[in-house]
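Structure for this input, please:
(chains A and B)
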Amino acid sequence: MTLTEKILAAHTDKETVSPGEFVNVRVDLVLANDVTAPIAIREFQKIGLKRVFDPKKIVMVPDHFTPCKDIASAEQVKLMREFAREQGIIYFEVGRVGIEHVLLPEQGLVLPGDVVIGADSHTCTYGALGAFATGVGSTDVAAAMATGDIWMKVPPAIKLVYHGSLGEWVMGKDLILHTIGDIGVDGALYSAMEFCGEAIDALSIEGRFTMANMAIEAGAKAGIFRVDNRTQLYIKPRAKRPYRVYEPDNGAGYAKVIEYDVATIEPQVSLPHSPANVKPVSQVGNIEIDQVVIGSCTNGRIEDLQVAAQLLKGRKIHDRVRCIIIPGSQEVYLDALTRGLFEVFVKAGAAVSVPTCGPCLGGHMGVLAAGERCVSTTNRNFVGRMGHPESEVYLASPAVAAASAILGKVAHPDEVTG
Amino acid sequence: MHRGKVHKYGADVNTDVIIPARYLNVSQPEELARHCMEDLDKDFVKKVEPGDIIVATTNFGCGSSREHAPLAIKAAGVFCVIAETFARIFFRNAINIGLPLLECAEAVANTESGDELEIDLAGGKIKNLTRNLEFTAQPYPPFMSELIASGGLIGYTRKRLESRRV
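The predicted model follows:
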């Protein structure tokens, strides 16, 4: 069995599972946020149960429009907060909260071998820790809150092997953008992407979170990594319960195997309006920009901010550009503060925000006007994603985003340092 | 048997254009329906009539997990969506909330906006009355038929919990 099949089988009453099979899978954690929880709560109440199956396996995270941007979103959060309190569900308040997919791993709520479902498409992020994690809808969350399990069709797996070592300024973001550019936004539809190879072994945990996070942008059900020493170092101080590490069988059956030589990959950019519209940054041409966003569930971790600070240190944000930097959680915020990164950012002329999904989905904290262009370390650049339907989003790594903020155009970090 | 007029779109119709996030500070289906497809086709809500059908090519509903997308489509009066392929979370969400989906590449290839279709959901039959053509959609697996017959996931879950109590 593949890694995916191993984990799924362990959460059913069966010895083995195979692709295409419908199974009821027991879940270790159920997640919803301020956009998706209100519908989940409404649907849960229709089931007619008084209590959720296990409040300590349910997390509600107010991160999308918080600190609340308007009355309507404040009402949504209030509904979620009251339900969480009444049920004893794990809930993080503003000041303790972070972007869900940065926060939950930090808190030790997601561990290797877990099955996690979340009413947020980027729930697949937790695959970085060797968990099977997938995005579902609000009604799925409602049903799982009642029963503790969920219906799933076992996905076929695609094995992605990354050979070689990364060049300077090349990050996990570039690997996943390159992959999505290669296979397309439905290149892994309904499948699990299993990432491996020596470039992956050498990749930081942050880089793995970034890659797993964007598996959904290729249509995948999950993106998953094997657990290694780096994973253990991340998990051990955080885990509050036992966990199990699964390994794929040697003869596991993959629907497809795709191999890349990462030494040939330079920093990548997804041009509007599709994450698959990818070019190496050197081939993008002269694209002047108005805004840069560094943050999100994709790239809001400490390594991301350190890379940005490395380029911004002693330099200035371009006159035309608004650069908004958003640590993904309070832990990242404090870490960045202690390391002196905020001083670098503020002296460079960047704005630093509290943790929020905010601008990534055109919510608040940096919404775009008609005709404006933004280089963003987020995950989607669909029409209207960050604001006006006539605005444009260019997806890139924190290195490319910081270089672009300095030069006022889509830029390679070498153009700043060289 | 159901009859409805077609609104046809292309590939990768994503949930951000089906219902932009700027409207996600509410979750009432009728509120969401007022902005359905706004960033792809701003006249959609003026054109759509109860019982109409959306037809699209590949990967319909890609992107976010927002159930607001199928809720907006359903509350706008759309009877069903026919596509070559659907993105997986959208597929789950639609089935879970009782918005019928049909996968049929031939029907998509031979249908244009404004055509009138006749749909037999149980048999998966799609008739293009404008062009006098008939197609058969991919049949649902038995598990999913049971889910649909229960009126969606909430009805199905209620039944499961009742059978556990027995």
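
pLDDT (mean, whole number) over the longest strand along chain B?
Secondary structure of chain B read by DSSP state E shows that its longest strand is strand B:2-8. What strand B:2-8 shows for mean pLDDT is 98.

do stretch A:237-253 as well
96.

Tell me where the chain is predicted with low confidence.
I went with chain A, as the question did not name one. Applying pLDDT under 70 to chain A flags no residue at all.

sorry, should have said chain B
Where chain B drops to pLDDT under 70, the residues are B:166.

Who are the packing partners of the lengthiest helix in chain B?
What stands out as the longest helix in chain B, according to DSSP state H, is helix B:153-165. Using 3 or more CB pairs under 8 Å, 6 or more residues apart in numbering or on different chains; DSSP states H and E, the elements in contact with helix B:153-165 are helix A:37-47, helix A:138-147, helix B:88-97, helix B:142-149. (Each C-beta comes from the backbone N, C-alpha and C, glycine too.)

what does it contact?
Helix B:153-165 is contacted from outside by A:43, A:46-49, A:139-140, A:142-143, A:146-147, B:95-97, B:146-147, B:150, using CB atoms under 8 Å, 6 or more residues apart in numbering or on different chains.

what angle sits between it and helix A:138-147?
10 degrees (axes from the mean of the first three to the mean of the last three CA atoms, to 10 degrees).

So which bits of helix B:153-165 are buried?
B:Leu153, B:Ile154, B:Gly155, B:Tyr156, B:Thr157, B:Arg158, B:Arg160 (16 or more other CB atoms under 10 Å in any protein chain shown).

Quick check: the farthest pair among the residues you listed?
Within the buried residues of helix B:153-165, two members stand farthest from each other by CB to CB: B:Ile154 and B:Arg160, at 10.8 Å.

returning to that earlier point: dump the C-alpha coordinates for the longest helix of chain B into PDB.
Listed next in PDB are the C-alpha coordinates belonging to helix B:153-165 (Å, rounded to 0.1, in the frame of the first residue of the first chain):
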ATOM      1  CA  LEU B 153     -25.300  13.900   4.000                       C
ATOM      2  CA  ILE B 154     -27.400  15.300   6.800                       C
ATOM      3  CA  GLY B 155     -30.300  12.900   6.100                       C
ATOM      4  CA  TYR B 156     -27.900  10.100   5.500                       C
ATOM      5  CA  THR B 157     -26.100  10.800   8.900                       C
ATOM      6  CA  ARG B 158     -29.500  10.900  10.700                       C
ATOM      7  CA  LYS B 159     -30.300   7.500   9.300                       C
ATOM      8  CA  ARG B 160     -26.900   6.100  10.300                       C
ATOM      9  CA  LEU B 161     -27.300   7.400  13.900                       C
ATOM     10  CA  GLU B 162     -30.800   6.000  14.100                       C
ATOM     11  CA  SER B 163     -29.600   2.600  13.000                       C
ATOM     12  CA  ARG B 164     -26.800   2.700  15.600                       C
ATOM     13  CA  ARG B 165     -29.400   3.300  18.300                       C
END
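
So which bits of stretch A:379-389 are buried?
Residues A:Asn379, A:Arg380, A:Asn381, A:Phe382, A:Val383, A:Gly384, A:Arg385, A:Met386, A:Gly387, A:His388, A:Pro389 are the ones in stretch A:379-389 that count as buried (16+ other CB under 10 Å).

circling back: and the buried residues of helix B:153-165 as TSV, adding distance to A:Asp70?
Output for the buried residues of helix B:153-165, formatted as TSV (distance: CB to CB, whole Å):
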residue	distance to A:Asp70
B:Leu153	31
B:Ile154	30
B:Gly155	34
B:Tyr156	36
B:Thr157	33
B:Arg158	35
B:Arg160	39
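
sorry, back to before: buried ones in the longest strand of chain B?
Buried, per 16+ other CB under 10 Å, within strand B:2-8: B:Gly4, B:Lys5, B:Val6, B:His7, B:Lys8.

Including distance to chain A, could those residues go into a markdown table?
Shown next, in a markdown table, are the buried residues of strand B:2-8 (distance: CB to the nearest CB, whole Å):
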| residue | distance to chain A |
| --- | --- |
| B:Gly4 | 24 |
| B:Lys5 | 25 |
| B:Val6 | 22 |
| B:His7 | 17 |
| B:Lys8 | 18 |
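
List just the nearest of those residues to A:Asn33.
Of all the buried residues of strand B:2-8, B:His7 has the smallest distance to A:Asn33: 30.7 Å, by CB to CB.

Tell me who's in contact with that closest one.
Taking CB under 8 Å, 6+ apart as the test, what B:His7 contacts is B:Asp41, B:Phe44, B:Lys47, B:Val48, B:Asp52, B:Ile53, B:Ile54, B:Val55, B:Ser113.

touching chain A at all, stretch B:33-49?
Yes: Stretch B:33-49 lies within reach of chain A by CB under 8 Å from any CB of the partner chain, at B:Asp39, B:Leu40.

Mind telling me which residue is nearest the centre of chain B?
B:Val81 (3.4 Å; CA atoms, centre = their mean).

roughly how far is the strand or helix carrying that residue from the heart of the chain?
Secondary structure assignment for B:Val81, by DSSP states H and E: strand B:80-83. Between the centre of strand B:80-83 and the centre of its chain there are 5 Å (CA atoms, centre = their mean, to the nearest Å).

List the buried residues in it.
Residues B:Cys80, B:Val81, B:Ile82, B:Ala83 are the ones in strand B:80-83 that count as buried (16+ other CB under 10 Å).

Ok, stretch A:51-69 next?
A:52, A:55, A:57-69.

These: which two are farthest apart?
Taking CB to CB, no two of these sit farther apart than A:Lys57 and A:Lys69, at 29.7 Å.

related to what we said a few turns ago, keep only those of the buried residues of stretch A:51-69 that are also close to chain B.
Within the buried residues of stretch A:51-69, those near chain B by CB under 8 Å from any CB are A:His64, A:Phe65, A:Lys69.

Which of those sits closest to chain B?
Within those, proximity to chain B (CB to the nearest CB) peaks at A:Phe65, which comes in at 6.1 Å.

still on that earlier bit, which of the buried residues of stretch A:51-69 fall within strands?
Filtering the buried residues of stretch A:51-69 for strands - DSSP E - leaves A:Ile58, A:Val59, A:Met60, A:Val61.

Touching, the first one and A:Val52? I think so.
Yes: shown here, A:Ile58 and A:Val52 form a contact pair, counting by CB atoms under 8 Å, at 5.8 Å.

got any residues that touch both of the two?
Residues touching both A:Ile58 and A:Val52 (CB under 8 Å, 6+ apart): A:Gln87, A:Ile89, A:Met145.

on that earlier part again, helix, strand or coil for the closest residue to the residue nearest to the centre of chain B other than its chain neighbours?
Leaving aside its sequence neighbours, B:Val81 sits nearest to B:Ile54 (CB to CB, 6 or more residues apart in numbering or on different chains; 4.6 Å). Here B:Ile54 is recorded as strand under DSSP: H, G, I helix; E, B strand; the rest coil.

B:Ile54 - how many residues pack around it?
Look at B:Ile54: counted by other CB atoms under 10 Å in any protein chain shown, it has 26 neighbours.

ok, stretch A:371-381 near chain B or not?
Yes: under the criterion of CB under 8 Å from any CB, stretch A:371-381 makes contact with chain B via A:Arg380.

Quote the end-to-end distance of that stretch.
Counting by CA to CA, to the nearest Å, you get 14 Å between the two ends of stretch A:371-381.

Give the buried residues for that stretch.
Buried-residue list, stretch A:371-381, by 16+ other CB under 10 Å: A:Glu372, A:Arg373, A:Cys374, A:Val375, A:Ser376, A:Thr377, A:Thr378, A:Asn379, A:Arg380, A:Asn381.

Thanks a lot, see you next time.
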